[in-house]
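**Q** mind folding the following:
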Amino acid sequence: MVGEVLRAERDRRQLTIHDIEEATSIRALYIESIENGNYEKLPGDVYTKGFIKNYATFLNLDAESLVKQFVEERTPAPTAEEIIAGEKDSSNKKVEKPQEVPTEKIDPPKLRRRRSHSDSDSVSSKLVAAVVLIAAIAGGAWYFFTSSDGEIADNNAKPKIEQPAVEEGILPPGQTIEEQKPNAVAAAPNNQSGVNIQAKFSGDCWTEVTVDGVVVYEDVASAGQTLSWTGKNDVTVRVGNAGAVDLTENGRHVGALGAIGEVTERTFRKS
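**A** I've put the predicted structure just below:
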């Protein structure tokens, strides 16, 4: 078991559970539960993996290997009844013989009739295409002559005189700046969009961050480290040592989410 490996190394180093608690900020209750395999007393598998990784890293053990071993221990092995039932299901399955697709035999007279039909269809298609082409040519000629007459008529119309644009700073006589720009509207200030969270760590702390429903960070942050995340709608922060992290939301100081060694979670949403 993972707990036995951690306890054996702790005893070899002559360390107490209290020593591990002070070094890793993991509660003594959680350390003792991990060593005894009482995982039901822990806040969940996600947090337990963080605790095991932090504990193993402090003891200079292979943290990733111990986390993988923990996942395997939490996956129950199939029972003998389930194995026998699976073998029966596989043996009862029948192999179906593929069905042959019947093919149609066409005699020569029938083949000749089909060819004659296809030849007549081809002639009909050519006649329809010719009629459509003649109609298109006639319509184009009609459009050309009618549009030409329209252009000649339009040439007799009076040309449209565009008003010259008024240059900025030069106003017509009798017009003020307010009259020149009656619809001017002041630009609205840009509001900050999304959610930005900044975390400053004063001690080692297991942290998991979910941005817009996707886990983007899961690791043990070190003391003195500063991290930040930005989401369009929401950012959720889970920490295993709440007193060791100081948070800021969109430039507004939030502070710590709890006490040292406390496991807590908080979601920040777009306002």
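**Q** correct me, but Gly261 touches Asn241?
**A** Yes. Using CB atoms under 8 Å, Gly261 is in contact with Asn241, at 5.8 Å. Glycine gets a C-beta too; all of them are placed from N, C-alpha and C.
**Q** gap between Thr210 and Val237?
**A** 8 Å (CB to CB, to the nearest Å).
**Q** the two: who's more crowded?
**A** Of the pair Thr210 and Val237, Val237 is the one with more neighbours under other CB atoms under 10 Å, namely 23 against 19.
**Q** wait, doesn't the more buried one sit right on Gly258?
**A** No. Using CB under 8 Å, Val237 is not in contact with Gly258; the gap is 11.4 Å.
**Q** identify all contacting residues around the helix or strand containing Thr236.
**A** Element membership for Thr236, per DSSP states H and E: strand 234-239. Residues from elsewhere that reach strand 234-239, judged by CB atoms under 8 Å, 6 or more residues apart in numbering: 46-47, 195-197, 199, 205-212, 229, 245, 247, 257-258, 263-270.
**Q** could you point out which element follows that strand?
**A** strand 245-249.
**Q** okay, angle between that following strand and strand 234-239 too, please.
**A** Comparing the axes of strand 245-249 and strand 234-239 via axes from the mean of the first three to the mean of the last three CA atoms, to 10 degrees yields an angle of 170 degrees.
**Q** wait, what's in contact with Val71?
**A** Contacts for Val71 were tallied using CB under 8 Å, 6+ apart; they are Lys49.
**Q** below-threshold pLDDT in the stretch 151-271 of the chain: ranges please.
**A** The model of the stretch 151-271 of the chain has pLDDT under 70 over residues 151-192.
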